[in-house]
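Enquirer: could you work out the structure for the sequence below:
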Amino acid sequence: MPDKQLLENTRNIGFIAHIDAGKTTVTERVLYFAGRIYKIGGVDEGTAVMDWMAQERERGITITSAATTCDWNQYTINIIDTPGHVDFTAEVERSLRILDGGVVVFDAVAGVQPQSETVWRQADKYDVPRICFINKMDRVGADYNRAIESITHRLGANPVAIQIPIGTEDDFRGVIDLVDERAITYHEEGPSVPREGPVPEEMIEEARNFRNAMIEKVAETDDELMLKYLEDEEISKEEIRRALRKATIAYRIVPVLCGTALRHMGIQPLLDAIGDYLPSPTDVAPTRGRDYRTGEPITRHFTDEPFSALAFKTVADPYIGRLVYFRVYSGHAKTGAMVYNSTKGRRERLGRIVLMHAQAREEIEEVRAGQIVAAVGLKETTTGDTICSEDGPVVLETITFPLPVVSIAIEPKSRIDQDKLSDALGTMADEDPTFKVSFDQETGQTVISGMGELHLDIITDRMRREYRVEANIGRPRVAYRETVEHAATAEGRFVRQSGGHGQFGHVWMDIEPLKRGSGIEFESKIRGGSVPQEFIPAVEIGAREALRTGPLSGYPVVDVRLTLTDGSYHEVDSSKMSFQIAGSMAAKSLITKGRATLLEPVMSLEVVTPGDYLGEVLGDLGRRRGSIQNIEGQGDIQAIRAQIPLAESFGYANTLRGLTQGRASYTMEFDNYLEVPVEVATDL
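Expert: Numbers count the residues shown, from 1 in each chain. Just a heads-up that it's a prediction; the model follows:
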């Protein structure tokens with residue numbers, strides 16, 4: 001079979017969703033029915049194949065993305081099961097960067113939840129076409145139509161139902177395929193082959209209405225079909241399927257299916273839909289990058305171009321060493337081949353190439369475009385690096401990750417643990433781009449930073465179990481920032497005259513505040529050479545160095561624009577170092593003149609609670625300086641959306657459990673940085 005045919009039948013997909021929507025359960029059923037595993041694992045029992053870490057099995061949540069491969073009909077499906085908890089959002093980010101399509105799983109009762117919105121935005125960022133699977137249709141309160149409406153209103157998407165459920169809650173027993181106009185029903189408990197038959201008489205009218213709505217939405221994306229639709233001509237099933245696939249890949253519509261994975265219902269039709277509607281590597285746009293030598297933008301296609309791949313994950317495997325996961329975008333490479341890491345400018349050897357199935361491995365001799373594999377032997381390659389052929393070096397678009405927001409101090413319990421601690425932290429920082437390790441010179445403490453309390457809890461748990469390191473953990477620290485309130489102008493003048501060669505650097509700079517999340521911008525408005533061009537980068541280096549520690553509490557200064565406006569130089573005594581120091585002096589003066597102010601990370605919080613406890617929950621949020629954004633009622637359940645400072649959020653899980661007798665749940669994710677109130681800033 002030619003390579004192109006192989007690629008056209010390949011699907012690189014990920015399961016993404018809010019925590020507890022059932023991603024891992026769906027993945028387990030998919031692997032079972034595709035014949036990849038022969039015993040179905042359970043998340044609650046801690047036997048799920050894809051949740052292989054001890055911490056995942058104990059807590060019943062996915063922590064790290066797991067890759068596997070299975071076959072369904074003529075398709076080869078490469079699957080990544082991602083975490084749903086916001087603390088592990090980096091796993092979703094790096095997975096979506098290298099995937100061609102996604103299956104978004106929703107809870108039929110809750111519909112779109114906060115983390116559903118986050119993963120949807122991440123999929124938008126990387127232009128990933130997707131289909132939706134409304135899971136848990138057998139739960140009390142399941143509502144298919146309401147779940148679809150929430151996709152429209154909260155995600156701004158264009159969902160199209162290609163199935164409707166037969167029965168709901170306890171009575172859920174199958175689905176009606178609207179494209180083929182057939183009923184797919186399940187009559188036995190446990191995994192079984194579904195029965196196909198005609199649409200039940202009592203649902204013919206409902207199915208017809210849904211099918212007409214589906215055809216109308218699909219026809220809107222295809223001129224030929226629209227003409228047939230307007231002239232009441234017969235539209236064949238193949239035409240619908242072809243137009244549906246084209247519109248899904250173009251992200252003009254999102255097909256919606258339903259089922260209940262725990263009871264094995266709706267999985268085979270989902271596998272069919274993955275093959276029918278999600279893109280192959282040949283359907284997506286060529287990947288973008290830049291020429292290694294010239295820096296010019298270029299694209300890489302799956303055709304006979306030189307080998308290029310993007311590393312998206314590293315794992316320290318206790319048996320075979322460091323594994324680097326990568327997605328191949330063009331060309332092919334064999335085991336033992338020399339490749340070029342164009343991000344770092346280093347040559348590397350592909351020692352062994354393995355196909356992954358969660359924690360298990362299968363060695364292969366060659367890897368080709370469109371495949372997702374792991375390699376042993378890439379010592380220098382880390383997440384986001386490009387590996388490619390030396391004949392046609394390219395640097396592919398890398399992966400961006402959010403910055404950590406919570407820090408804790410950590411110290412070894414004994415001298416024996418000292419070296420082991422450094423090795424463990426270094427290995428885990430290599431695996432996880434949102435986990436950072438730093439040394440605080442002032443306090444002499446090692447500080448670890450992550451995306452939330454759970455993230456750091458998992459890190460310290462892994463350190464104890466996997467690396468046998470005992471350590472003392474300090475209280476969580478918040479990553480505050482500083483900024484300026486208004487514009488200012490300042491001078492930086494560094495002059496050292498001595499008997500011989502002296503130092504002379506002189507600059508004038510402006511500072512102005514920017515909107516939150518802008519970072520630091522630097523620009524030069526030097527005209528006429530008052531500061532020679534070769535010294536301007538040194539001024540920027542000095543200024544940015546000065547902004548690393550603000551005058552209030554020593555936190556980094558952000559969201560400002562620095563503008564170099566004037567200066568002077570000395571023919572003999574001026575140097576890069578003198579202008580770097582002058583830039584630093586000017587920047588420090590600017591922060592003080594611009595009235596430095598403290599910023600704190602603020603979290604977006606959604607609490608779902610029975611109405612009986614609404615008052616207690618709101619009262620507690622008020623004490624935590626929470627800002628209520630919205631309260632929505634649905635029966636006896638109240639959903640509160642609020643913003644809460646990260647500093648006030650520690651221990652919230654235990655407090656909420658106590659206030660509501662364990663009946664409320666919440667999700668929290670980083671939102672933005674806001675100014676700290678004066679009375680709080682004074683205490684800090």
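Enquirer: contacts only, for the closest residue to residue 332 other than its chain neighbours.
Expert: Of all residues not flanking residue 332 in the chain, residue 368 sits nearest, at 4.4 Å (CB to CB, 6 or more residues apart in numbering). No exception for glycine: its C-beta is placed from N, CA and C like everyone else's. For residue 368, the contacting residues are 3, 6, 328, 331-332, by CB atoms under 8 Å, 6 or more residues apart in numbering.
Enquirer: same check on residue 235?
Expert: Residue 235 neighbours (CB under 8 Å, 6+ apart): 215, 219, 225, 228-229.
Enquirer: which of the residues you listed fall in helices?
Expert: 215, 219, 225, 228-229 (DSSP state H).
Enquirer: the residues you listed: which two are farthest apart?
Expert: 215 and 228 (9.5 Å; CB to CB).
Enquirer: neighbour count for the two, which is higher?
Expert: Using other CB atoms under 10 Å as the criterion, residue 215 and residue 228 rank with residue 215 on top: 21 against 17.
Enquirer: what sits against that one?
Expert: 225, 229, 235, 240.
Enquirer: gap between the two ends of stretch 353-369?
Expert: 14 Å (CA to CA, to the nearest Å).
Enquirer: tell me how far that stretch lies from the chain's centre.
Expert: Here stretch 353-369 is found 24 Å from its chain centre; the criterion is CA atoms, centre = their mean, to the nearest Å.
Enquirer: quick revisit: any quick ChimeraX command for the buried ones out of the contacts of residue 368?
Expert: Command for ChimeraX that selects the buried part of these, burial taken from 16 or more other CB atoms under 10 Å:
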select :6,328,331,332
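Enquirer: I'd like the contacts of residue 368 as TSV, with secondary structure, distance to residue 549 and pLDDT appended.
Expert: As requested, the contacts of residue 368 are exported to TSV (DSSP: H, G, I helix; E, B strand; the rest coil; distance: CB to CB, whole Å; pLDDT from 0 to 100):
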residue	secondary structure	distance to residue 549	pLDDT
3	helix	55	60
6	helix	55	75
328	strand	43	91
331	coil	46	88
332	strand	49	88
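Enquirer: tell me which residue is most central in this protein.
Expert: residue 93 (2.4 Å; CA atoms, centre = their mean).
Enquirer: tell me the SS of that one?
Expert: Three-state call for residue 93 (DSSP: H, G, I helix; E, B strand; the rest coil): helix.
Enquirer: that one touches residue 401, doesn't it?
Expert: Yes - shown here, residue 93 and residue 401 form a contact pair, counting by CB atoms under 8 Å, at 6.0 Å.
Enquirer: which residues are contacting the helix or strand harbouring residue 429?
Expert: Assessed by DSSP states H and E, residue 429 sits inside helix 415-431. Applying CB under 8 Å, 6+ apart, the external contacts of helix 415-431 come out as 313-316, 322, 382, 410, 412, 435-437, 446, 448, 459, 462-463, 466-471.
Enquirer: list the ones among the residues you listed that fall in strands.
Expert: Counting by DSSP state E, these place 313-316, 322, 410, 412, 436-437, 446, 448, 471 in strands.
Enquirer: which of those are buried?
Expert: Buried among the ones in strands among the contacts of helix 415-431 by 16+ other CB under 10 Å: 313-315, 322, 410, 412, 436-437, 446, 448, 471.
Enquirer: what's the most distant pair in these?
Expert: Maximum distance among those (CB to CB): 28.1 Å, for 313 and 412.
Enquirer: what's the longest strand in this structure?
Expert: Assigned via DSSP E, the chain shows its longest strand as strand 596-610.
Enquirer: can you list the strands that that strand pairs with?
Expert: Here strand 596-610 is paired, per DSSP bridges, with strand 481-484 (antiparallel), strand 637-645 (antiparallel), strand 665-675 (antiparallel).
Enquirer: looking at the ones you listed, which is closest to residue 629?
Expert: Of all these, strand 637-645 comes closest under CB to CB, at 4.5 Å.
Enquirer: helix or strand right after the closest one?
Expert: Next element after strand 637-645 (DSSP H and E): helix 652-659.
Enquirer: now do the contacts for residue 544.
Expert: 520, 522, 587.
Enquirer: the first one against residue 562, yeah?
Expert: Going back to what we said before, that points to residue 520. Yes - using CB under 8 Å, residue 520 is in contact with residue 562, at 7.2 Å.
Enquirer: neighbour count for these two, which is higher?
Expert: residue 562 (24 against 18).
Enquirer: helix, strand or coil for that one?
Expert: strand.
Enquirer: how many other residues sit next to the residue nearest to it when sequence neighbours are not counted?
Expert: Excluding its sequence neighbours, the residue lying closest to residue 562 (CB to CB, 6+ apart) is residue 522, at 4.9 Å. Other residues near residue 522 come to 20 when the count uses other CB under 10 Å.
Enquirer: A strand includes residue 522, no?
Expert: Yes - read with three-state DSSP, residue 522 is one of the residues of a strand.
Enquirer: next helix or strand past the helix or strand of the chain with the lowest mean pLDDT?
Expert: Across the helices and strands of the chain, mean pLDDT, DSSP states H and E gives its lowest value to helix 54-59, namely a mean of 48. Sequence order places strand 66-72 as the next helix or strand after helix 54-59, per DSSP H and E.
Enquirer: relative to that next one, what are the paired strands and their orientations?
Expert: strand 75-81 (antiparallel).
Enquirer: now the strand it pairs with: average pLDDT?
Expert: What strand 75-81 shows for mean pLDDT is 86.
Enquirer: with stretch 357-377 instead?
Expert: Rounded mean pLDDT across stretch 357-377 is 83.
Enquirer: now do stretch 141-155
Expert: Computed over stretch 141-155, the average pLDDT equals 91.
Enquirer: give me the contacts around it.
Expert: Contacts of stretch 141-155 (CB under 8 Å, 6+ apart): 106-109, 111-112, 116-117, 120, 132, 134, 136-137, 157-159, 161, 164-165, 168-169, 172, 254, 256, 258, 635.
Enquirer: rewinding a little: what sits against the residue nearest to the centre of the chain?
Expert: Residue 93 neighbours (CB under 8 Å, 6+ apart): 122, 399-402.
Enquirer: returning to what we had before: in JSON lines, list the buried ones among the ones in strands among the contacts of helix 415-431 along with distance to residue 493 and pLDDT.
Expert: Formatted as JSON lines, these follow (distance: CB to CB, whole Å; pLDDT from 0 to 100):
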{"residue": "313", "distance to residue 493": "49", "pLDDT": "84"}
{"residue": "314", "distance to residue 493": "47", "pLDDT": "84"}
{"residue": "315", "distance to residue 493": "52", "pLDDT": "81"}
{"residue": "322", "distance to residue 493": "50", "pLDDT": "83"}
{"residue": "410", "distance to residue 493": "42", "pLDDT": "86"}
{"residue": "412", "distance to residue 493": "46", "pLDDT": "84"}
{"residue": "436", "distance to residue 493": "36", "pLDDT": "87"}
{"residue": "437", "distance to residue 493": "38", "pLDDT": "88"}
{"residue": "446", "distance to residue 493": "38", "pLDDT": "83"}
{"residue": "448", "distance to residue 493": "40", "pLDDT": "86"}
{"residue": "471", "distance to residue 493": "47", "pLDDT": "84"}
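Enquirer: one step back: what score does the residue nearest to the centre of the chain have for pLDDT?
Expert: Listed pLDDT for residue 93 reads 79.
Enquirer: swap in residue 52?
Expert: At residue 52, pLDDT is 40.
Enquirer: ok, now residue 202?
Expert: 90.
Enquirer: what's the neighbour count on it?
Expert: 8.
Enquirer: my guess is it is in a helix, correct?
Expert: Yes - judged by three-state DSSP, residue 202 forms part of a helix.
Enquirer: quick one: it from residue 176, how far?
Expert: 12 Å (CB to CB, to the nearest Å).
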